[in-house]
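> sequence first, then the predicted structure, then my questions.
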Amino acid sequence: MESWKDVADKITPGQIVGILNALGVEVQSETESNYMAFCPFHANTHSAALSISKDTGLFYCFGAGCNARGNIYQLI
């Protein structure tokens, strides 16, 4: 059985966007290495605070007091 890390290593940046969209998390902007979206864990309508790494699939929310973090599978 593959570990989550083995499976995560196979996810492409395009697949990350598809996973986020399927979860109802719309990507608001994109940099060379990250996607930015509104965090699904708290109300936020002002700025995209959830950063998702294209390379690793890890996410972190910079929203005040949220600090949610993990891998793409923990969003599901």
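Everything's here; your move.

> and the residue nearest the centre of the chain, which of the three is it?
Of all residues in the chain, the one closest to the mean position by Cα atoms, centre = their mean is Ile52, 3.7 Å from it. Classification of Ile52 by DSSP: H, G, I helix; E, B strand; the rest coil places it in strand.

> that one contacts Leu20, correct?
Yes. Counting by Cβ atoms under 8 Å, Ile52 touches Leu20, with 7.0 Å between them. The way it works is simple: take the backbone N, C-alpha and C, and place the C-beta from them, glycine included.

> quick check: neighbours shared by those two?
Tyr35, Ala37 (Cβ atoms under 8 Å, 6 or more residues apart in numbering).

> angles on the backbone of the residue lying closest to Val17 once chain neighbours are set aside, please.
In space, and not counting its chain neighbours, Val17 is closest to Val27: 5.7 Å by Cβ to Cβ, 6 or more residues apart in numbering. The phi/psi pair for Val27 (degrees, to the nearest 10) reads phi -70, psi 130.

> show me the beta-bridge partners of Val27.
Bridge pairing for Val27 (DSSP bridges) gives the partners Ala37.

> go through stretch 67-76 and flag the buried ones.
Using 16 or more other Cβ atoms under 10 Å as the test for burial, stretch 67-76 gives Ala68, Asn71, Ile72, Leu75.

> how much space is there between Gln74 and Leu23?
Distance, Gln74 to Leu23, by Cβ to Cβ, to the nearest Å: 11 Å.

> to clarify, my last question referred to Asp55.
From Asp55 to Leu23 the distance is 20 Å (Cβ to Cβ).

> just want to know which of these two has more residues nearby.
Set side by side, Asp55 and Leu23 show more neighbours around Leu23, with 13 against 10, by other Cβ atoms under 10 Å.

> ok, that one touching Tyr73?
No. Taking contacts as Cβ under 8 Å, Leu23 lies outside contact range of Tyr73: 11.1 Å.

> helices or strands up against the top helix by length along the chain?
Counting by DSSP state H, the longest helix found in the chain is helix 13-22. Applying 3 or more Cβ pairs under 8 Å, 6 or more residues apart in numbering; DSSP states H and E, one finds that helix 13-22 contacts strand 27-30, strand 34-37.
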